[in-house]
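[1] Fold the following and give me the result.
(3 chains)
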Amino acid sequence: MQTNQETLSIAMDDELGSSTASVLGRVANNNNDTDTWARYHLIGDVLRDQLTELAPPNFAAKLSTQIAQEPTILAPKIRVRSWIRPVAGLAVAASVAAIVVAGVQQKFSLPDATPTTVDTSSVEFAAPKLVAIEPAGDKSELSPAENLTPAPHAPRRLNGYLVKFNEQRSSVGVPGVNPYVRIVGFETE
Amino acid sequence: MVRAHELLIALFTVLATPTVFAQHEDAVELMRNMASATEKLNYDGIFIYQREAQIDSMRIVHRGDGIVERERLISLSGPEREVVRDGTRVTCLFADDQEAMVEKTEPRNFLSLGVNEPIAQLKKSYTFTVTGRGRIAARNAILVSIQPREANRYAYELWIDEEFKLLLKSVILNLSGELLEQVQFVQITINQEIPDDLLQTEIEGSEFTWHTNSEDDNSATRVVETSGWTVNWLPSGFYMRNHKVQTMSESAVPVSHMVYSDGLAMVSVFVEQMVGDNQPLQGYSSMGAVNAFSRVSANHQITVVGEVPRSTVQQIASSVEHH
Amino acid sequence: MSDSYTDKELVRRIQRGDKKSFDLLVLKYQNRIIKLVSRYVRDQSDAQDIAQEAFLKAYRALPNFRGDSAFYTWLYRIAINTAKNYVVSLSRRPAEARIENSDGDQMLIEDMQQDVATPENILLADEIKRTIVDAMDELPEDLRVAITLREMDGLSYEEIAEAMDCPIGTVRSRIFRAREAIDTRLKPLLQH
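    Next up is the predicted model:
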């Protein structure tokens, strides 16, 4: 879909306000618009007498090809918004993508936070509690909770691991629904 | 509507069931029916997803009786976003960010158990039992309890619709029987006609930035032998499902990613060479039912992320060795 | 130079994975950057190489771009550094006569005596310049004044409205119509 050229003209002058974002998106993805953008800027360059040394016609295209080979940038800033697939039990729970859709922020809790028990079902009688099962192996390897030291702020890298972990959820034939874990908007502030 | 005395009878019947064996089979049969129902039926419902203090709500619309399976997930809380599936083509739309992603996928349901694992394999690590009945989203449900045989992984509970065998609620419980995460329908209609427009997104995405999911996976199909790292300990019943080399978006350093599962729970082991002055991760973090633990060894960062208790991720991480 | 809203928005998109938005930035600044680095080397194809490298460096460094400065200012610095490094690497060649230009940067005599490569580009550049200048001359005065104030003096629409004593909507329209008129003559030159 081609952008109205007057709109493009206004946008490139920073005079379009809040619609600029969506217009730029369209322009970047439409060849005619991109060409028009190039020519309109060229006019400005000539008027400012930039033209003693002109960029050759294929300059931008050559660069574009090279950029295509570069790793895609995802520059995280302060807030991470991601579609995290509800892991565990949710595999069993399903309703995954939902979870993905849930877009929960990545919050990592310290070890001593107790999980909230919220029972919103209308079970008429309580399900039997999990009975502690004696593990077959040697228990001594299991470290007591106190020995585990919490990590400082969950860094980006951990974020990245989580995403990769979630992506595996469905593709590996492990039960569960589609992961749809994406790091989408790294929020700038 | 179920009357109290009927429930008591049901309860009594359940408790008095002569053989555990029979119950076990019922549970497994139920789960099989559930998988089939999820794929083949039409349904439209609203559910909540709770993890720690956060609750989100979503709506799912699913059509299973058409030529091609179609479904749609809509966020009802938080930022506006949707996932729409048409056969094997999935589109994710993020309205606030004006971004969209398209990918091809195996035909898996948004709402499904999707157990590919032979039950025999799962039974090695878990027991499956019908332990009761309940009422979810104004429907009668059968409670299936999935217990690990060893205390190094989590337990699950599924509430399955009695009439149509759809999953209505599921929770994951830690070793103390406390709830870690849950998903539960609050309202659902099943087996009705699903009109086309319910399966189409209302988000106007033509001006969004569109991505396809091919970019990430150029290394996806490579199985790597080179890493030289082994995971020496895993809970019994876990075996490797995948091993690939990936790059994280923040660095160009390749990361070896090994995926293990016992059929229900999944664990990832990441080994990444430490480069430059990057602060290494140390210690662990957790979010809901997912735990992560990191340590450093031989100038490599080892991180284990999994749907298993903290002690288990730590044990796994500690057993990772280079030779 | 004040930061452009458009530039900010484009940078934001690129930082979230939209490579095509980087194309728009390149198209916007390519001529300026080439002109800038041409001060450091005589050979036009060297200037182009340096400019390519500068843009590439900018792309790679974008994750670290925090928006403290205007994008163009940041790009400008990268381009100058790239050009200087290039000249330094040239100067490591043995026994060449060196000359300092007015910036105090060294240039090789050899470079100064080299002809500029790509005569075709020179011809095209001339033709483009002539076409645009001619088109400008033929514009109605109000359109010409508007686009001159915008492109050469860098005034905002509001400032132009004040200068020309007309509503902002008129300014928008005049600037666009000026561009459109010039573009009508320019487009055939550039399409292949």
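[2] C-alpha from now on. contacts and neighbour counts both.
    OK.
[3] mind giving me the domain ranges of chain A?
    The record, using automatic domain parsing to delimit domains, assigns chain A the ranges A:5-69, A:71-112+A:150-189.
[4] next one: chain C
    Segmentation of chain C into domains, based on automatic domain parsing, reads C:5-115, C:120-190.
[5] and the domains of chain A, which one is worst for confidence?
    Set side by side, the domains of chain A give their lowest mean pLDDT on domain A:71-112+A:150-189, at a mean of 39.
[6] Quickly find the element holding residue B:48.
    When secondary structure is defined by DSSP states H and E, residue B:48 falls within strand B:43-51.
[7] just residue B:315 next, same as before
    helix B:310-318.
[8] Packing partners of that helix?
    Counting by 3 or more CA pairs under 8 Å, 6 or more residues apart in numbering or on different chains; DSSP states H and E, the packing neighbours recorded for helix B:310-318 are strand B:290-297, strand B:300-306.
[9] Quick one: these as a markdown table, columns for distance to chain C, mean pLDDT and mean neighbour count too.
    Rendered in a markdown table, the data for the helices and strands packed on helix B:310-318 read as follows (distance: least, CA to the nearest CA, whole Å; pLDDT from 0 to 100; neighbours: other CA atoms under 10 Å in any protein chain shown):
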| stretch | distance to chain C | mean pLDDT | mean neighbour count |
| --- | --- | --- | --- |
| strand B:290-297 | 25 | 87 | 23 |
| strand B:300-306 | 23 | 90 | 26 |
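[10] could you dump these to JSON lines with distance to chain A?
    Putting these into JSON lines (distance: least, CA to the nearest CA, whole Å) gives the following:
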{"stretch": "strand B:290-297", "distance to chain A": "7"}
{"stretch": "strand B:300-306", "distance to chain A": "7"}
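[11] now those as a markdown table including distance to residue C:141?
    What follows is these, written out as a markdown table (distance: least, CA to CA, whole Å):
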| stretch | distance to residue C:141 |
| --- | --- |
| strand B:290-297 | 69 |
| strand B:300-306 | 68 |
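[12] so residue B:271 sits in a strand?
    Yes. The assignment for residue B:271, made by DSSP: H, G, I helix; E, B strand; the rest coil, places it in a strand.
[13] Surely it touches residue B:257?
    Yes. In this structure, residue B:271 is within contact of residue B:257 by CA atoms under 8 Å, at 6.7 Å.
[14] quick one on the thing from earlier: possible to save the domains of chain C as a markdown table with distance to residue B:66?
    Shown next, in a markdown table, are those (distance: least, CA to CA, whole Å):
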| stretch | distance to residue B:66 |
| --- | --- |
| domain C:5-115 | 36 |
| domain C:120-190 | 50 |
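[15] Which one of these has the poorest average confidence?
    Mean pLDDT is lowest for domain C:5-115 among the domains of chain C, at a mean of 78.
[16] For that domain, what is the distance to the chain centroid?
    11 Å (CA atoms, centre = their mean, to the nearest Å).
[17] and it with chain A, contact?
    Yes. Using CA under 8 Å from any CA of the partner chain, we find that domain C:5-115 touches chain A at C:5-6, C:9-10, C:12, C:14-21, C:23-24, C:26-28, C:30-32, C:34-35, C:38, C:44, C:48, C:52, C:55-56, C:59, C:62-64.
[18] who are the neighbours in contact with residue B:124?
    Contact analysis of residue B:124 by CA atoms under 8 Å, 6 or more residues apart in numbering or on different chains lists B:149, B:237.
[19] where's it relative to chain A, distance?
    Taking CA to the nearest CA, to the nearest Å as the criterion, residue B:124 is separated from chain A by 13 Å.
[20] Surely residue B:207 is in contact with residue A:25?
    Yes. With contact defined as CA under 8 Å, residue B:207 counts as touching residue A:25 (6.3 Å).
[21] Please say which of those two ends up with more neighbours.
    Just comparing residue B:207 and residue A:25: by other CA atoms under 10 Å in any protein chain shown the higher neighbour count belongs to residue A:25, 23 against 18.
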